[in-house]
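# have a look at this prediction, sequence included:
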Amino acid sequence: MQDFEYRRVRAASEAAALLREDPSAKLLAGGQSLLASMRMGLLATDLLIDLQDVQELRNVVNAADGSVVLGAMMTHGALASHPELRSFAPGVAELAGGIADAQVRSMGTIGGSLANADPSACWSAGVLALGGEIHTSERAIPVDAYFMGMFATALEPHEVLTRVRLRRPRRFCYLKHEQAASRFAMVGVAVADFGDAIRVAVNGTMDGAVRAPAFEQALQRRLDPESLRGVRFDESLMTSDIHAGADYRAHMAGVLCRRAVARMLVGAPR
Amino acid sequence: MPQFELEVNGRRAVHTVAASRTLVQLLREDLRLTGTHVGCDTAQCGACTVLVDGKAVKSCNVLVAQLAGRQVQTIEAVAREGVLHPMQAAFREHHGLQCGFCTPGMVMRGIAMEAEGVPAEEEPVRSGLCGNLCRCTGYEGIVHAVVDGLARMRRPSERKAAHAGL
């Protein structure tokens, strides 16, 4: 890996100031995607800014308005076992506990995952289904305006993702079909039931995580796996590669959505 | 070159290394702690698993710089004075290995599972091991060893020995 200068900061504003000075600088959260990319030579930087000492990025707040705020530097592992998140939405804690493997969950963070926006990232689908806002050093971005495609987000080069505010679902379930070797989601489906609305998001598409309006409309009529009978995910949106064709991925999106709804109905994790 | 102070196997020291140096490079090449193996070097196989502040981490995918101020434990620090750690003893008894290349990572992952509260049962252990690959496919023995190792670590008589070892 090409060498770089390494700096630790104590505040998100400090990181944002460094990014304005040196637009080629990169932020380091847990490094589970970034370091792997740098070691493969896909990415290089002159300055790596480590956010691990920024305490303001580490809190989880169960807000009085019925939302939950997750600090960007919370690791998947810490969120999976976090009492506040487990009571707020056990299905969301379960999503965190299913990301990659325990070693990656020890280091990898929700903020890192959302800033990277890997098209198969579990958090992207989960957060998009839950809705809410992505907060940065500058502003709050509605979740629906945040994801801009494969590895692309609404974040400006000098912005630091600080926290995520999620809406509390009545029920929530995320299921994925893993690629056997990498264990990344080939397709993942997140379903959130808010009582007055159903939101469904699918990852593994050419545009990364996207909402699935056809599934949402079908489930809004009746939250039941049977409602999805004959409703297909648009296969022209799906990735096609050596692991699976677009038609298979689209089919699996339907299968996973039905299974997720079935699990929600039996009162499994919210 | 920058300097980073961290503790490796109970020894606190300042390491003068490039900021881009990974933990496994420090362990194997600088400290000659070659018990930690490099399998894939792309953070998939888990052979390089060590403990950082008690949590399992892939040492090929973490910078020395990130670990300044933290505690690292490797397979070399697991046995004490010639007495195997209960997890190691279970691997030996159940023959939890074939070629042995993945074994250090498997043992460290098994030890980390104790603190995570993974039950000493086959299914949770299998899923807890999903980040550790055995290219010999010798999983049966490994799973039995980790199940038994967890049970041993939780026995009061062995707990003392395990804590002395880590």
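Right, received. Where do you want to start?
# which of the three states applies to residue A:255?
Three-state call for residue A:255 (DSSP: H, G, I helix; E, B strand; the rest coil): helix.
# if I look at it, how far off is chain B?
21 Å (CB to the nearest CB, to the nearest Å). For glycine as for every other residue, the C-beta is placed from the backbone atoms N, C-alpha and C.
# which non-adjacent residue is nearest that residue?
Closest residue in space to residue A:255, ignoring its immediate chain neighbours: residue A:177 at 7.9 Å, by CB to CB, 6 or more residues apart in numbering or on different chains.
# equivalent analysis for residue A:144, please.
Closest to residue A:144 by CB to CB, 6+ apart is residue A:131, at 6.9 Å.
# helix or strand next in line after the strand or helix carrying residue A:27, which one?
Here residue A:27 sits within strand A:26-28, counting by DSSP states H and E. Downstream of strand A:26-28, the first helix or strand assigned by DSSP H and E is helix A:34-39.
# who touches that next one?
A:1-2, A:26, A:28, A:43-45, A:112, A:116, B:20, B:22, B:41-43, B:61-63 (CB atoms under 8 Å, 6 or more residues apart in numbering or on different chains).
# and the closest residue to residue A:204 other than its chain neighbours, how far is that from residue A:208?
Nearest residue to residue A:204, sequence neighbours excluded (CB to CB, 6+ apart): residue A:187, at 4.1 Å. Residue A:187 sits 12 Å away from residue A:208, going by CB to CB, to the nearest Å.
# who has more neighbours out of these two?
residue A:187 (29 against 25; other CB atoms under 10 Å in any protein chain shown).
# doesn't residue A:254 make contact with the more buried one?
No - with contact defined as CB atoms under 8 Å, residue A:187 does not count as touching residue A:254 (9.6 Å).
# which other helices and strands does whichever helix or strand residue A:79 is part of contact?
According to DSSP H and E, residue A:79 maps onto helix A:76-80. With contacts taken as 3 or more CB pairs under 8 Å, 6 or more residues apart in numbering or on different chains; DSSP states H and E, helix A:76-80 sits against helix A:90-97, helix A:102-107, helix A:110-116.
# hey, C-alpha coordinates of it in PDB?
Coordinates of each C-alpha in helix A:76-80 appear next as PDB, following Å, rounded to 0.1, in the frame of the first residue of the first chain:
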ATOM      1  CA  HIS A  76     -21.500  -3.100  13.700                       C
ATOM      2  CA  GLY A  77     -20.600  -5.400  16.600                       C
ATOM      3  CA  ALA A  78     -21.300  -2.700  19.200                       C
ATOM      4  CA  LEU A  79     -24.700  -1.900  17.500                       C
ATOM      5  CA  ALA A  80     -25.600  -5.600  17.300                       C
END
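# what residues does chain A put near chain B?
Listed as neighbours of chain B in chain A under the rule CB under 8 Å from any CB of the partner chain: A:1-6, A:28, A:31-32, A:35-36, A:38-40, A:48, A:50, A:52, A:77, A:100-104, A:106-107, A:181-183.
# of these, buried ones?
The neighbour-count test (16 or more other CB atoms under 10 Å in any protein chain shown) marks A:1, A:4, A:6, A:28, A:31-32, A:35-36, A:38-39, A:48, A:50, A:52, A:77, A:100-104, A:106-107, A:183 as buried among the residues of chain A next to chain B.
# contacting residues around stretch A:40-48?
Residues outside stretch A:40-48 that contact it (CB under 8 Å, 6+ apart): A:1-2, A:4-7, A:18, A:22, A:24-26, A:28, A:34, A:37-38, B:19, B:42.
# stretch A:151-158 now?
A:16, A:19-20, A:23, A:114-119, A:134, A:136, A:138, A:141, A:145-148, A:161, A:208.
# now the end-to-end length of it.
Using CA to CA, to the nearest Å, one end of stretch A:151-158 lies 17 Å from the other.
# who are the contact partners of the residue nearest the centre of chain A?
Within chain A, the residue whose C-alpha comes closest to the C-alpha centroid is residue A:123; the distance, by CA atoms, centre = their mean, is 1.8 Å. Neighbouring residues of residue A:123 by CB under 8 Å, 6+ apart: A:95, A:96, A:99, A:110, A:113, A:114.
# near the second one, how many other residues are there?
Residue crowding around residue A:96 was assessed by other CB under 10 Å; the count is 27.
# by proximity to chain B, which residue of chain A wins?
residue A:101 (2.6 Å; CB to the nearest CB).
# OK, contacts around that residue?
A:183, B:46, B:130, B:131, B:132.
# report the contact partners of residue A:244.
Residue A:244 neighbours (CB under 8 Å, 6+ apart): A:186, A:252.
# make sure residue A:174 is indeed in a strand.
Yes - counting by three-state DSSP, residue A:174 is found in a strand.
# quick one: it from residue A:149, how far?
On the measure of CB to CB, residue A:174 and residue A:149 end up 21 Å apart.
# burial measure for residue A:266, as a count.
Applying other CB under 10 Å, I find that residue A:266 has 6 neighbouring residues.
# and it, how far is that from residue A:88?
Per CB to CB, residue A:266 is found 20 Å from residue A:88.
# output the contacting helices and strands for the strand or helix carrying residue B:56.
Take DSSP H and E as the rule and residue B:56 turns out to sit in strand B:55-58. Packing contacts for strand B:55-58, counted by 3+ CB pairs under 8 Å, 6+ apart, involve helix A:102-107, strand B:49-52, helix B:103-116.
# so how far is the strand or helix carrying the residue nearest to the centre of chain A off the chain centroid?
Secondary-structure element containing residue A:123, defined by DSSP H and E: helix A:122-130. Mean-position distance between helix A:122-130 and its chain equals 5 Å (CA atoms, centre = their mean, to the nearest Å).
# quick check: angle from the strand or helix carrying the residue nearest to residue A:255 to helix A:122-130?
In this assignment (DSSP H and E), residue A:177 forms part of strand A:171-178. Taking axes from the mean of the first three to the mean of the last three CA atoms, to 10 degrees, one finds strand A:171-178 and helix A:122-130 inclined to each other by 150 degrees.
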